[in-house]
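Visitor: Take this sequence and fold it.
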Amino acid sequence: MALEPARLQVVPKPWGSTDLQPWNGACHNGAAIGEIWFQRDDPHAPEPALLLKLLFTREALSIQVHPDDDDARSMGLARGKTEAWYVLSAEPGATVGVGLQSALTQAELRCAIGDGSILQQVSWRKVVEGDVIFVPAGTIHAIGPGLVLAEIQQRSDTTFRLFDHGRERELHIEQGVAAAHAGPAAEQVPPRRLGNARTLLVGSAFFVLERLELAAGSLWQLRARPETWLIVIAGEGQLGPAKAGVGEGCFAEAETIRIAAGQQGMTCLVAYAAAVPSSDLLRPLAANDAVTPPSAASRRRLLLAAPAVPPISLMEARP
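Guide: I've put the predicted structure just below:
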């Protein structure tokens, strides 16, 4: 049983931003921050299967690809990397690239990487706040500047960079060509209302991503059976005994959480390790309904301030 505040880990990136408002108010001494990782409060806890993060882009990221589970295990890694993005904010004209315009052979892909025409081969699309993009492992993809994204992914940082806009960083062309499904991406499945304030954004073999839109002053019970991550993206309220505002969240597993939306309401993203949406994830409560309280250890963790931690080691440099 676990219910604990997410411990936020900032990750500097050359393409990152110095302005993280309103998602994070900490001082970063002018460093360009590309990502904020949501970690378990206890650094000695078992490693989760999922990683929730925020991305801030002032420059374009590399064109890249991640291996699937089979490819990853053939390299001695625990898992591949399928991911999904939720657009929190987008400057006018901001784009992402998912898949290619047309199918390429491995030889054609190498050639496109070598002469830079991969930039024109990528299937670019404009995005706006609220858009959802699913990126299965093996999909060639890229993220443009001017975006703030919430990303949920299999917990792996193995990235094969194919093209990096002239930055002097290592490319992983042979590994990337071998891992890539060099063609158009599958059509994106549109979000679907599940009722009870729930919208299904992504359902995959590795995780489910939902949006919860909770009316002002409403009370809810969230049943987190598998590993579950929540982040507040609008409004404020209470997650268990802890207050939470924009950019804050929690981790839960085998726990029931009482959620109270504040006076402006509260919108959250919730991601959990399952292949299908939970039929009883969320239910409304009357003001006097009782909810099974979290365990004493979970309550203590939620009430303590999250400690600072050093960066974790990465298998590959993130783009």
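Visitor: Quick one: the helices in this structure, in order.
Guide: 69-74, 106-115, 118-121, 173-179, 296-303 (DSSP state H).
Visitor: Which stretch among those is buried most, on average?
Guide: Comparing the helices of the chain by mean neighbour count (mean count of other CB atoms under 10 Å), helix 173-179 ranks first with a mean of 18. For glycine as for every other residue, the C-beta is placed from the backbone atoms N, C-alpha and C.
Visitor: what's it in contact with?
Guide: Applying CB atoms under 8 Å, 6 or more residues apart in numbering, the contact partners of helix 173-179 are 64-68, 71, 106, 109-110, 113, 137-138, 160-162.
Visitor: Just give me the closest of these to Phe207.
Guide: Closest to Phe207 out of these is Ala137 (12.4 Å), distances taken as CB to CB.
Visitor: so how far is Ala72 from the closest one?
Guide: According to CB to CB, to the nearest Å, Ala137 stands 8 Å off from Ala72.
Visitor: same deal with Gly265?
Guide: Gly265 is 40 Å from Ala72, by CB to CB.
Visitor: Could you point out the longest strand of this structure?
Guide: Ranked by number of residues, the top strand in the chain under DSSP state E is strand 255-272.
Visitor: re the thing from before, return every residue with contacts to both of Ala137 and Ala72.
Guide: With CB under 8 Å, 6+ apart, Ala137 and Ala72 have common neighbours 80-81.
Visitor: What pairs with the longest strand of the chain, parallel or antiparallel?
Guide: strand 208-214 (antiparallel), strand 219-224 (antiparallel), strand 228-239 (antiparallel) (DSSP bridges).
Visitor: Can you say which of those is nearest to Ala150?
Guide: Comparing the strands paired with strand 255-272 by CB to CB, strand 228-239 comes nearest, at 6.4 Å.
Visitor: distance between the closest one and the chain's centre?
Guide: Strand 228-239 sits 14 Å away from the centroid of its parent chain (CA atoms, centre = their mean, to the nearest Å).
Visitor: Likewise for stretch 64-74?
Guide: Taking mean C-alpha positions (CA atoms, centre = their mean), stretch 64-74 and its chain are 18 Å apart.
Visitor: next one: stretch 59-67
Guide: Distance of stretch 59-67 from its chain centroid, counting by CA atoms, centre = their mean, is 15 Å.
Visitor: As CSV, could you dump the C-alpha coordinates of that stretch?
Guide: Extracted in CSV, the C-alpha atoms of stretch 59-67 (Å, rounded to 0.1, in the frame of the first residue of the first chain):
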residue,chain,number,x,y,z
GLU,A,59,14.1,24.6,-29.2
ALA,A,60,13.3,21.6,-31.3
LEU,A,61,14.2,18.2,-29.8
SER,A,62,16.1,15.6,-31.9
ILE,A,63,14.3,13.3,-34.3
GLN,A,64,14.5,10.0,-32.5
VAL,A,65,13.1,6.5,-31.9
HIS,A,66,12.8,4.2,-28.9
PRO,A,67,13.0,0.4,-29.0
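Visitor: Need the contact partners of that stretch.
Guide: Taking CB under 8 Å, 6+ apart as the rule, stretch 59-67 contacts 14-15, 75, 77, 80-83, 97, 118-119, 122, 137-145, 156, 158-165, 167, 169, 175-176, 179-180, 319.
Visitor: Let me see the mean pLDDT of it.
Guide: For stretch 59-67, mean pLDDT rounds to 97.
Visitor: With stretch 188-203 instead?
Guide: 95.
Visitor: now do stretch 86-102
Guide: On average, the pLDDT along stretch 86-102 is 98.
Visitor: thinking again about what came up before, out of the contacts of helix 173-179, which is nearest to Ala150?
Guide: His66 (17.7 Å).
Visitor: roughly how far apart are the closest one and Ala78?
Guide: As for His66, its distance to Ala78 is 13 Å (criterion: CB to CB).
Visitor: Settle it for me: which of those two has more neighbours?
Guide: Neighbour count, other CB atoms under 10 Å: between His66 and Ala78, His66 has more, with 28 against 13.
Visitor: so how far is His172 from the more buried one?
Guide: Distance, His66 to His172, by CB to CB: 11 Å.
Visitor: joint contacts of those two?
Guide: By CB under 8 Å, 6+ apart, the residues touching both His66 and His172 are 159-160.
Visitor: ok, back up a step: and Ala197, which of the strands paired with strand 255-272 is closest to it?
Guide: Short answer: strand 208-214, nearest of these by CB to CB, at 5.2 Å.
Visitor: Mind listing what's buried along the closest one?
Guide: By 16 or more other CB atoms under 10 Å, the buried positions in strand 208-214 come out as 208-212, 214.
Visitor: Show me how far it is from its chain's centre.
Guide: 13 Å.
Visitor: which secondary element of this protein has the worst mean pLDDT?
Guide: Lowest mean confidence among the helices and strands of the chain (mean pLDDT, DSSP states H and E): helix 296-303, at a mean of 48.
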